[in-house]
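Colleague: got a predicted model here, sequence first, then my questions.
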Amino acid sequence: MLCAAILTPVIRTLAYQFGALDRALCARKTHVRPVPRLGGIAIVIGFYAPLLGLLVFRSDVGDVFFADRTLALGVFMGGIPIAILGVYDDIHGADASKKFVVQFAVAAMMCSLGFRVGEVANPFGDPIQLGWISIPFTIVWIVGVINAMNLIDGLDGLAGGVALVAVSTILLVSFHYDQQLMILFCAALAGSILGFLFYNFNPASIFMGDTGSMFLGFVLATSSIKTGHKSSIAIIVSMVILGLPILDTILAMSRRALRGRPMFHGDKEHIHHRLLALGFSHRRAVLVLWAVSILLGGVALAMTYSESPTLTLVLFAGVIVITSVFLRRLGYIRFEINHYLSDERRRNRALRSAVRPFAAVGPLDASSGPDVESGARCVCASDGDGTSGQIAAASAAAPSARHRTYTGCTPSVSRRGTRPARSSDVLPVPDGAV
């Protein structure tokens with residue numbers, strides 16, 4: 001904790017000097033001033049520093065690493081490329097394909113080193129052995145949790161608080177199963193998060209960025225696998241512990257698929273956005289979601305200490321019912337509008353098909369509009385999937401067009417050298433496109 005608490009203000013100063021700032025250039029952002037976004041580096045160093053100290057200075061505690069060096073090496077070798085990917089994304093920007101290549105490669109490596117989900121609970125008999133399915137299941141689990149923590153990082157202190165509750169719960173589960181190596185990893189990560197949260201809680205003076213959120217997801221995913229790997233209920237317990245980020249990710253993917261929107265384009269319909277729309281203040285929304293995480297952690301501990309597959313599934317079913325009520329209150333479950341989703345999906349897919357032929361158009365002339373790179377996506381306040389930006393970028397090649405003014409758009413392919421569109425920028429839009 002002390003290491004992260006000392007390093008965070010230093011990294012904040014360096015981020016200001018090098019211009020590594022989140023400038024809130026799209027409508028999804030909740031802050032209004034530039035904020036440094038490399039705070040995840042402090043979390044990474046704060047996690048590894050005490051562990052390396054135990055390796056260098058031999059002690060009874062440090063001998064735990066040598067007792068299971070393959071697993072220890074896996075966390076070190078897997079976490080570093082994830083952290084490097086996050087730093088690159090925070091500074092230069094990385095598209096989904098680049099992220100997935102690194103994430104899937106790291107997940108496959110962790111699977112080969114013994115981080116594997118081998119069985120799941122069966123309340124009607126013996127545990128179900130996954131066999132060869134355990135390999136793709138484990139890889140999807142690791143990649144999914146990494147991106148789930150990345151998606152939930154939308155408010156000051158939200159991802160850090162949720163991760164702190166999750167890793168504290170995994171720490172208690174590790175004590176129950178006497179997983180000494182996982183106890184060390186969880187304790188190191190919990191201290192690192194806590195030291196960073198002093199600067200990240202609202203109003204945040206620094207963001208963890210993708211460096212922090214993806215690294216947290218990686219450590220949580222791998223530690224949740226090994227903590228209770230000898231128990232058939234381990235994966236169900238892990239799903240409950242990480243229930244909030246997993247639920248938010250499932251909701252994001254589902255609504256974008258149902259509405260025909262690009263899967264990896266952001267929107268303002270995450271759980272924390274819905275709480276803000278209901279009138280919750282920034283801090284209160286974060287505290288409510290922290291409380292939800294604590295509740296899920298308590299349920300996970302009850303499942304662990306009961307060690308009963310039947311009771312575990314009963315509690316899991318109860319969590320599903322309560323979650324459904326929660327989602328209904330937030331407006332996610334609205335049966336009266338479901339028949340509109342198919343129409344909206346058709347409109348969105350038709351609009352994307354109409355602009356796709358122009359996606360390869362080169363940069364616009366500087367005198368005709370904003371600095372939109374070839375194929376760039378603009379995120380506007382008026383839409384959550386960047387469709388208007390695609391129209392703007394594509395319309396330069398339209399032979400017949402009318403003019404319409406678009407404001408507040410910025411290219412998302414690069415985080416440096418961009419600027420908001422001005423009211424004087426006029427972009428041609430093909431007839432019938434909107």
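Modeller: Here it is on my side, so go on. Quantities reported herein were computed from a predicted structural model and do not represent experimental measurements. Residues are numbered from 1 along each chain as shown.
Colleague: most centrally placed residue in this structure?
Modeller: For the chain, residue 150 is the residue whose C-alpha lies nearest the centre (CA atoms, centre = their mean; 1.5 Å).
Colleague: setting aside sequence neighbours, what's the nearest residue to that one?
Modeller: Excluding the flanking residues, the one nearest residue 150 by CB to CB, 6 or more residues apart in numbering is residue 213, at 4.4 Å. Quick note: C-beta positions are derived from backbone N, CA and C, even for glycine.
Colleague: that neighbour looks like it's in a helix, true?
Modeller: Yes: read with DSSP: H, G, I helix; E, B strand; the rest coil, residue 213 is one of the residues of a helix.
Colleague: how much space between the residue nearest to the centre of the chain and residue 158?
Modeller: In this view, residue 150 and residue 158 are 12 Å apart by CB to CB, to the nearest Å.
Colleague: distance between the ends of stretch 192-209?
Modeller: 15 Å (CA to CA, to the nearest Å).
Colleague: that stretch: which residues count as buried?
Modeller: Residues 192-197, 199-202, 204, 206-209 are the ones in stretch 192-209 that count as buried (16 or more other CB atoms under 10 Å).
Colleague: residue 331: which of these is nearest?
Modeller: Among the buried residues of stretch 192-209, residue 202 lies closest to residue 331 (CB to CB), at 23.6 Å.
Colleague: and the closest one, which of the three is it?
Modeller: coil.
Colleague: surely it is in contact with residue 156?
Modeller: Yes: judged on CB atoms under 8 Å, residue 202 makes contact with residue 156 at a distance of 3.8 Å.
Colleague: between the two, what contacts are shared?
Modeller: 282, 286 (CB atoms under 8 Å, 6 or more residues apart in numbering).
Colleague: report the separation between the residue nearest to residue 1 when sequence neighbours are not counted and residue 268.
Modeller: Closest residue in space to residue 1, ignoring its immediate chain neighbours: residue 191 at 3.7 Å, by CB to CB, 6+ apart. Residue 191 sits 33 Å away from residue 268, going by CB to CB.
Colleague: neighbour-wise, which of those two wins?
Modeller: Higher neighbour count among residue 191 and residue 268: residue 191, with 20 against 17, using other CB atoms under 10 Å.
Colleague: tell me the mean pLDDT for the one helix or strand the more buried one maps to?
Modeller: Element membership for residue 191 (DSSP states H and E) is helix 180-200. What helix 180-200 shows for mean pLDDT is 91.
Colleague: most residues in a single helix of this protein, which one?
Modeller: Counting residues, the longest helix found in the chain (DSSP state H) is helix 282-306.
Colleague: and stretch 244-263, C-alpha only, in CSV?
Modeller: What follows is stretch 244-263, C-alpha atoms only, in CSV (Å, rounded to 0.1, in the frame of the first residue of the first chain):
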residue,chain,number,x,y,z
LEU,A,244,-21.0,-6.8,-11.0
PRO,A,245,-18.3,-6.3,-13.7
ILE,A,246,-19.5,-9.6,-15.4
LEU,A,247,-23.1,-8.4,-15.4
ASP,A,248,-22.2,-5.0,-16.8
THR,A,249,-20.2,-6.6,-19.6
ILE,A,250,-23.0,-9.0,-20.5
LEU,A,251,-25.5,-6.2,-20.6
ALA,A,252,-23.3,-4.1,-22.8
MET,A,253,-22.7,-6.9,-25.3
SER,A,254,-26.4,-7.8,-25.3
ARG,A,255,-27.8,-4.4,-25.9
ARG,A,256,-25.3,-3.6,-28.7
ALA,A,257,-26.1,-6.9,-30.4
LEU,A,258,-29.8,-6.4,-30.1
ARG,A,259,-29.7,-2.9,-31.5
GLY,A,260,-27.2,-3.7,-34.2
ARG,A,261,-24.6,-1.4,-32.9
PRO,A,262,-20.8,-2.0,-33.1
MET,A,263,-19.8,-4.3,-30.3
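Colleague: buried residues, that stretch. List them.
Modeller: Quick answer for stretch 244-263 (16+ other CB under 10 Å): 244-249, 251-252, 256, 259-262.
Colleague: those residues in helices, which ones?
Modeller: 244, 245, 246, 247, 248, 249, 251, 252, 256, 259.
Colleague: just give me the closest of the residues you listed to residue 133.
Modeller: residue 246 (19.4 Å).
Colleague: so what pLDDT did the closest one get?
Modeller: 93.
Colleague: look up phi and psi at residue 22.
Modeller: Backbone torsions of residue 22, given as degrees, to the nearest 10, read phi -90, psi 110.
Colleague: thinking again about what came up before, how about the buried residues of stretch 244-263, which pair is most distant?
Modeller: 244 and 260 (26.7 Å).
Colleague: can you redo the buried residues of stretch 244-263 as TSV with distance to residue 10?
Modeller: Below are these laid out as TSV (distance: CB to CB, whole Å):
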residue	distance to residue 10
244	31
245	29
246	34
247	36
248	32
249	32
251	37
252	34
256	38
259	43
260	46
261	40
262	38
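Colleague: kindly indicate which of the residues you listed lies nearest residue 99.
Modeller: residue 249 (14.2 Å).
Colleague: from residue 93, how far off is that closest one?
Modeller: Taken as CB to CB, the span from residue 249 to residue 93 is 21 Å.
Colleague: the residue nearest to residue 150 and residue 112, how far apart?
Modeller: When residue 213 is compared with residue 112 (using CB to CB), they lie 25 Å apart.
Colleague: pick out whichever of those two has more residues nearby.
Modeller: Higher neighbour count among residue 213 and residue 112: residue 213, with 26 against 11, using other CB under 10 Å.
Colleague: I figured residue 149 was touching residue 159, is that so?
Modeller: Yes: here residue 149 reaches residue 159: they are 5.9 Å apart, a contact under CB under 8 Å.
Colleague: quick check: neighbours shared by these two?
Modeller: 213, 216, 245.
Colleague: how is this structure partitioned into domains?
Modeller: Using automatic domain parsing, the domain parsing of the chain gives 2-333, 361-430.
Colleague: which of the ones you listed has the lowest mean pLDDT?
Modeller: Among these, domain 361-430 scores lowest, with a mean of 40.
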